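1. structural data only, the sequence is not supplied:
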């Protein structure tokens, strides 16, 4: 309990000191984006989606995959917590070691996503690859859901490679990134084949300027960003890249695995965005004991 309080306090101080962008400045940024003239390279096809586009085509695509018995694909981008290279109040040295997969707060610790899903009976591990510490991605793991044709791919990025993590997140949403993963039954295509794209960790957009590309595959995807105050930072970039804001956050929180698990459970059951938001709030409250209403208000769906 003491450790959790320390982490939450650290996250609060992190956001307080590093967040210099006010709500009005965010609104100005959105207005500038809406008036922006598209000037991309001529050899790339781009798709300027309507502002505040709806989720209709995403729902249709998911239903078609289900009808054709094609796998639904989730990809999660996790920048390892890093005391030295992220704008956070330092946590315990082992939790905040951005090169230590085993003890990192967002990956190998008790509430880290790798530890959590590895222990869950809802997910069955298909492949698990650890890379040299010189790599940008230190580990990639692939799970299959126990009762549905759904695959979950999670990538752990070095804590000092936040820009690369955010760039890959947005480029996956835009359809520009080509990727695949080997698993027990063959090769699973990622990129445009991903249906739900998740960022989980410290809100690096508080520290770094990362531009999102315009959508290039004309395939909107569900997008989630479990990070402090992510709506104000991520929403304008999601519209450009083609990500529907299925779940973003409104304030400071601990971006730990129980929220992600609750969101995935609801998404796999084809719950509505409103129901997914409620599931996230319940998952957060069950661990943090902060009140269901307050926990639910930490999350937001839609534009």
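-> Done, it's in. Nothing here was measured: the structure is a model prediction, and the numbers come from that model.

2. show me the contacts for the residue sitting nearest the centre point of the chain.
-> Central residue of the chain (C-alpha atoms, centre = their mean): residue 199, 1.7 Å from the mean position. For residue 199, the contact set (C-beta atoms under 8 Å, 6 or more residues apart in numbering) comprises 76-77, 165-166, 169, 224-227, 230, 234. Backbone N, C-alpha and C define where each C-beta goes, glycine included.

3. how about it: what's its closest non-neighbour residue?
-> residue 225 (4.5 Å; C-beta to C-beta, 6 or more residues apart in numbering).

4. tell me the secondary structure at the one you found.
-> At residue 225, secondary structure determined by DSSP: H, G, I helix; E, B strand; the rest coil is strand.

5. burial measure for it, as a count.
-> A count of nearby residues for residue 225, using other C-beta atoms under 10 Å, gives 30.

6. surely it and residue 249 touch.
-> Yes - between residue 225 and residue 249 a contact is recorded at 7.1 Å, counting by C-beta atoms under 8 Å.

7. any shared contact partners between the two?
-> Contacts common to residue 225 and residue 249, judged by C-beta under 8 Å, 6+ apart, are absent.

8. before we move on, the earlier item: residue 211 versus the residue nearest to residue 199, what's the distance?
-> According to C-beta to C-beta, to the nearest Å, residue 225 and residue 211 sit 16 Å apart.

9. same question for residue 109.
-> 32 Å.

10. what packs against the host helix or strand of residue 238?
-> Assessed by DSSP states H and E, residue 238 sits inside helix 230-241. Judged by 3 or more C-beta pairs under 8 Å, 6 or more residues apart in numbering; DSSP states H and E, helix 230-241 is in contact with helix 23-34, helix 162-174, strand 221-226, strand 243-249.

11. now do the longest one against strand 243-249, angle only.
-> The one in question is helix 162-174. 130 degrees (axes from the mean of the first three to the mean of the last three C-alpha atoms, to 10 degrees).

12. list the contacts of helix 162-174.
-> Contacts to helix 162-174, defined as C-beta under 8 Å, 6+ apart, come from residues 75, 77-79, 82, 85-86, 136, 155, 157, 177, 179, 190-191, 194, 197, 199, 201-202, 204-205, 207-208, 210, 212-217, 221, 223, 237-238, 240-243.

13. mind checking which of these are buried?
-> 75, 77-79, 82, 85-86, 155, 157, 177, 179, 190-191, 194, 197, 199, 201-202, 204-205, 207, 210, 212-217, 221, 223, 237-238, 240-243 (16 or more other C-beta atoms under 10 Å).

14. from the middle of its chain, how far away would whichever strand or helix holds the residue nearest to the centre of the chain be?
-> Of the helices and strands defined by DSSP H and E, residue 199 is found in strand 196-200. Averaging C-alpha positions (C-alpha atoms, centre = their mean, to the nearest Å) puts strand 196-200 2 Å from its chain's average.

15. contact partners for the closest residue to residue 279 other than its chain neighbours?
-> Of all residues not flanking residue 279 in the chain, residue 266 sits nearest, at 4.0 Å (C-beta to C-beta, 6+ apart). Contact analysis of residue 266 by C-beta under 8 Å, 6+ apart lists 275-276, 279-280.

16. let's see if you can find the most crowded of the residues you listed.
-> residue 280 (28 neighbours).

17. find the nearest non-adjacent residue to that residue, please.
-> Using C-beta to C-beta, 6+ apart, the nearest residue to residue 280 is residue 299, at 4.7 Å.

18. residue 193 now?
-> residue 73 (5.6 Å).

19. now do the SS call for residue 219.
-> With three-state DSSP as the criterion, residue 219 reads coil.

20. tally of neighbours for it?
-> Neighbours of residue 219 (other C-beta under 10 Å): 19.

21. residue 60 - how many residues pack around it?
-> For residue 60, using other C-beta under 10 Å, the count is 10.
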